[in-house]
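[1] Here is a sequence with its predicted model. Questions after.
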Amino acid sequence: MKKNVYYILILLVASAQVFAQSEPRKWAFDNYYKYYNPKVNEPEKDQAIEKLRAHYATSTEVDGRIGSVKLSWKECSELIQENGAFKDLIDKERNVASTVAEAYKRLAKIAVSVRRGEVTAEVALTPSYLKSIIYYGNLEISRSNYVHRFHDSCFSIPSSAVSIYFSFLKQMDAIESGQEKNPLLKEACDMLKVTALQSWTQPLRKDATDNNVVQIERFRHHVWWVGGNGLGGWSGYRAVMPVAVMYKSVPMIELLAEVAAGGLSNTAQNTNETDFWNEGMTADGAGWGHGRQCLIWGYPIHGSNGIFGILNLLKDTPFNKNIDRENVDALLNFIRGGNFYYYKGYILPCLDRGSMVYDNKTSVISYISIVNNLISNYSNVLTTAELKELTQLKKEAQTKNIQMKDYPAGMYNGTRWFFNNDDLIKKTDDYHLIVNMASSRCSGLESADNTADNYNFYTADGLTLFQRTGYEYKSIFGAYDVTASPGVTAREGMEKLTPVTNWEGYNSLHNFAAATTSGGVNSASGFIFEKNNTYDKKDKNGKALTLTNEVLYGVKANKSWFIIGDYMVALGAGVTNNKPDFVGTIRTTIDQTAWENEITLIQNGKEKSLSGNMGSILADKKPIWIKQKNKFAYTLLPEFSKKMNYTLESKETDWIKMNLTNKSKADAPKAVKVFKLWLDHGQKPTNDTYGYVVYMGKGNPDAELPVVVTNNDTTLQAVQSMDGKVFGAVFYSKNAIMKAGKTTLKVSAPCAVLIEKDSNGYIISVTDAEMNKDLKEIVVTLNGKSISFAMPQGKECGKPISQTVTL
C-alpha cells in the first residue's frame with residue numbers, strides 16, 4: 001500500500017511539472033493566434049505594412065543585439081548539434097533565460113550574415129538551424145509566467161527573433177502564403193512569432209491588459225511599460241514596432257502611433273497619476289526613470305528616441321502621426337533643462353547608476369538625437385525662433401561646450417531649480433555647481449550589487465559638487481569615500497558599507513525641499529534631511545524591518561545653501577545623531593575632489609603655500625581661505641564652525657569595488673590624488689550647527705566676506721549681502737521672522753525666498769517648500785508691506801515665482 005502511494009505521489013509531481021511546462025506554452029501560442037494578422041478591411045494600411053516589412057528586411061536595425069556575439073556566423077553554425085542545441089550551452093540550460101538569449105543572438109548572427117551577403121540562405125537554413133530556433137523557443141515559452149520574465153524575455157529574445165525573421169523574410173513570406181510547405185520551416189516561423197510577441201506580453205502586469213495587450217493602458221503607469229522600457233527602441237529595449245509589422249497588425253501599429261504621440265509629454269508629482277506617462281520628461285526640464293529618480297540621461301532620452309523612431313517610420317503612411325505644440329513644448333523644456341546637467345563634455349556624476357564607471361572621454365550631449373530629429377523631421381511644427389535656437393544649439397553641442405549666451409538667464413545658463421527633482425544647479429562659463437537635495441517627494445539614485453554602481457547611497461543627501469572642467473569627481477571615484485560625499489552630513493564609515501541592490505534609491509523622510517531664484521546669479525535653498533530607504537520592507541507603523549548598512553541612518557539636519565554672486569554659503573542647524581549607539585563620527589564634508597594643483601592659505605589678502613598634507617584650520621575673525629589653484633576656495637563661518645579638517649593624499653583605487661563594469665577598464669588609474677575638507681560634529685551631536693563659504697569665482701576671494709548670516713536654526717536659515725542688495729531665506733516655519741538691520745521679512749507658509757534689489761525696486765522670488773497642491777498663495781511681508789504670490793498649480797506646482805515690487 002505504501003509503495004502504491006509512493007508511486008502515485010511521483011506521478012502527481014510529474015504531472016504537475018508537465019502541466020507547469022505545457023500551460024505557459026499553450027498560453028504563448030494562444031496569444032500568437034489571437035494577435036496575428038487580424039482581419040481589417042483597410043487595403044491601404046495592408047499595403048503600407050508590406051512596405052514596412054520590406055523596410056525591416058533591408059534595414060541595419062535588424063542587426064539588433066548581435067554585437068555581443070564574438071563568434072563568427074560560421075563558428076556559431078558549427079556549434080549547433082543535430083537536435084538544435086548549441087553544444088557549448090547544454091550545461092548552462094538550468095539558467096534558461098540567459099541561455100536562450102545567448103542562443104537566439106547566435107542564431108540572429110547567422111541570419112544577419114545572410115542579409116549582409118556573407119553566406120547564402122540555402123547554406124544557413126539547415127535543419128539543425130531551424131531545430132535550434134524551435135528548441136530554444138520551447139525552452140523559453142515553457143517557463144512559468146509567474147517567475148521574473150524581464151530583460152531576456154521581453155527585450156533580448158524578441159529582438160533576436162525579429163532579426164532572424166526579417167533576415168529571412170523571403171522564406172517567411174513563402175511559408176506564410178503557403179507557397180512553401182517545409183514543415184520544419186513553418187514550425188520555426190511560428191516559434192519566431194511566438195517568442196517575438198513577448199515584447200508585448202512579458203512580464204505580466206497582472207492586470208486587465210494581460211488579457212488584451214493591444215490597448216493604450218498597456219503602455220501607461222508601469223515602470224516596465226513607459227519611457228525607455230516601453231518604447232525605447234528594439235536594439236536595447238522592446239521590439240514592439242517590428243513585432244507589430246511581423247504580425248501584420250493594423251491595430252498594433254495604430255496603437256503604437258498613439259502611444260508615441262502621448263509619450264512626448266512630461267509629468268510632475270501632483271499630476272503623476274493622470275499624466276500619460278508617470279516617468280520620462282518632467283515639468284521642471286529634467287526627467288525621471290525607475291520611479292521618481294533623476295535618471296535624466298537614460299529613460300527619458302531612450303523613450304524619446306524610440307518614439308521618434310516609430311513616428312519617423314510611419315511618416316508617409318496611413319499611420320502617420322504628427323507631433324503637436326504640447327509635444328514640442330515638452331521637448332524644448334527638456335532640452336533647455338537637460339543642458340544644466342551637462343558641463344564641458346561631461347554629464348554630471350551621480351545622475352546614473354553607472355556614474356562610478358571610469359570614463360575619461362568627453363562626449364556630445366546625449367539628447368542631440370532629439371535636437372536632430374526636431375530640426376530634420378519636424379521643423380514645420382517649430383516657430384522660426386525655435387528653429388533658430390535648435391540650430392544654434394546643434395552647432396554649439398559639437399564643441400561640447402554649450403553656452404547659448406543670447407538666451408535669458410535660467411534657460412541655458414544661470415541658476416535653475418528643478419522642482420520635480422530637488423536639484424539646484426548654477427551653470428556659468430567658468431564653473432558649475434549642483435546641490436542635490438532630497439525630500440519624501442522624490443527618489444534618490446538606484447544602485448545594484450555587481451550590475452551597476454555599488455554605493456549610490458548619498459547622492460541626494462545634499463550632495464554639493466563644484467566643477468570647472470566637469471571631470472573633478474569622475475577622475476577619483478575609484479578611491480572615493482562615499483560617506484564623505486561633498487555637502488553631505490553623515491556618519492563616517494566607508495569600510496562598514498555593504499553593496500546592496502536598491503532600485504528606488506534613498507530620500508528624506510520630510511516633505512521639505514526648495515530653492516528659489518530669478519534665474520540669474522543668486523539663489524536660496526534648503527531641505528530637512530533625515531535618511532529614508534524606500535526600498536526597505538516596513539512594518540505596519542512604517543518602521544524598517546531590516547536595516548542594512550546602519551551607518552547610513554540616524555542623522556538629521558536642516559541644511560541650506562545660498563548663492564550670492566560667486567559666493568556660496570552653506571548652513572546647517574539641528575545637526576543631531578538620533579542613533580548615538582551606532583559607531584562613527586558625524587561629519588559634514590565640504591569637498592572631496594581631485595587634488596590637481598597647489599593648495600594655498602589666504603588671509604588678509606596674503607597667500608602662502610599649505611605646509612603638510614593633513615591638518616586643521618581654526619576659525620578666525622578674519623576669514624582664512626584654503627584654496628586649490630585654478631579651482632575653488634573654502635572658509636569657515638566662525639560663529640557656527642570652529643575648525644575645518646583637511647587631507648591631501650594619494651590613494652590606491654579599487655574601481656571594480658565601485659562598479660563591476662570597471663573590470664574592462666584597463667586604463668583606469670591605479671592611484672589618484674584626493675583633496676578632502678570636512679567639519680567634525682563628534683559622535684553624538686545634538687542640535688549642532690555648521691557654516692562655511694565657498695568662493696567659486698576667478699582669482700582670490702575678497703579679504704572681507706561679502707555676506708553675513710542673519711539666522712541659522714531649525715525654523716529659519718537666512719543670509720544677506722553686506723551691501724544690502726541681496727537677501728536669501730529658507731523658512732521652515734511660517735512663524736519665523738527674519739530681521740537684518742532695518743529689513744524685516746515674514747511669510748505665510750514654509751518656503752524659500754530670495755530678494756534682489758535693482759534699479760526698478762525689488763525682485764522677489766518665492767518657492768513653496770512643500771509642493772502643496774492646495775496652497776494657492778504665499779504672502780511675503782517685507783518691511784510691513786504684504787505682497788501676494790499666486791502659487792503655480794498643476795504640473796508647475798513647486799516652481800519658483802518672481803515679481804518686481806517697489807516699497
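    It's in.
[2] Run a quick neighbour tally on the residue nearest to Gly233 when sequence neighbours are not counted.
    Of all residues not flanking Gly233 in the chain, Gly306 sits nearest, at 4.0 Å (Cβ to Cβ, 6 or more residues apart in numbering). Glycine gets a C-beta too; all of them are placed from N, C-alpha and C. Using other Cβ atoms under 10 Å, Gly306 has 27 neighbouring residues.
[3] What are the phi and psi values at Gly306?
    Torsion angles at Gly306 (phi, psi; degrees, to the nearest 10) stand at phi -60, psi -40.
[4] In contact with it, which residues?
    Residues near Gly306 by Cβ atoms under 8 Å, 6 or more residues apart in numbering: 228, 230-233, 237.
[5] which among these gets closest to Thr517?
    For the contacts of Gly306, the residue nearest Thr517 by Cβ to Cβ is Gly228; the value is 30.7 Å.
[6] Report the contact partners of the closest one.
    If a contact means Cβ under 8 Å, 6+ apart, then Gly228 has 236-237, 289, 298-303, 306 as its contacts.
[7] so it, which of the three states?
    What DSSP: H, G, I helix; E, B strand; the rest coil gives for Gly228 is helix.
[8] all strands for the stretch 151-300 of the chain, in order.
    Using DSSP state E, counting those that start in this stretch, the strands of the stretch 151-300 of the chain run over residues 266-267, 280-282, 287-288.
[9] Identify the residues contacting the longest one?
    By Cβ under 8 Å, 6+ apart, the list of residues contacting strand 280-282 from outside reads 226-227, 263, 265-268, 287-289, 299-300, 303-304, 330-331, 333-334, 418, 420-421.
[10] for the last one, same thing?
    By Cβ under 8 Å, 6+ apart, the residues outside strand 287-288 that reach it are 267, 278-282, 294-296, 299-301, 334, 338, 420-421.
[11] Quick one: mean pLDDT for that strand?
    In this model, strand 287-288 has a mean pLDDT of 95.
[12] Quickly run through the sheet partners of it, with directions.
    Next to strand 287-288 in the sheet, as set by DSSP bridges, lie strand 280-282 (antiparallel).
[13] And the strands in the stretch 551-700 of the chain?
    For the stretch 551-700 of the chain, applying DSSP E, counting those that start in this stretch gives strands covering 555-564, 567-577, 586-594, 599-603, 606-609, 614-618, 625-628, 633-636, 643-652, 671-682, 688-695.
[14] I'd like to know which elements the second one is packed against.
    Same thing as strand 567-577. If you count contacts as 3 or more Cβ pairs under 8 Å, 6 or more residues apart in numbering; DSSP states H and E, strand 567-577 packs onto strand 489-491, strand 555-564, strand 586-594, strand 688-695, strand 707-712, strand 716-721.
[15] Can you tell me what sits against the next helix or strand after the shortest one?
    So the one you mean is strand 489-491. Moving toward the C-terminus from strand 489-491, the next helix or strand (DSSP states H and E) is strand 506-508. The contact list for strand 506-508 (Cβ under 8 Å, 6+ apart) reads 437-444, 457-458, 460-461, 527-534, 552.
[16] Could you pull up the mean pLDDT of strand 506-508?
    95.
[17] go on, stretch 90-97?
    Summarised as a single mean, pLDDT over stretch 90-97 is 92.
[18] Ok, stretch 223-234 next?
    In this model, stretch 223-234 has a mean pLDDT of 88.
[19] which parts of it are buried?
    Residues 225-234 are the ones in stretch 223-234 that count as buried (16 or more other Cβ atoms under 10 Å).
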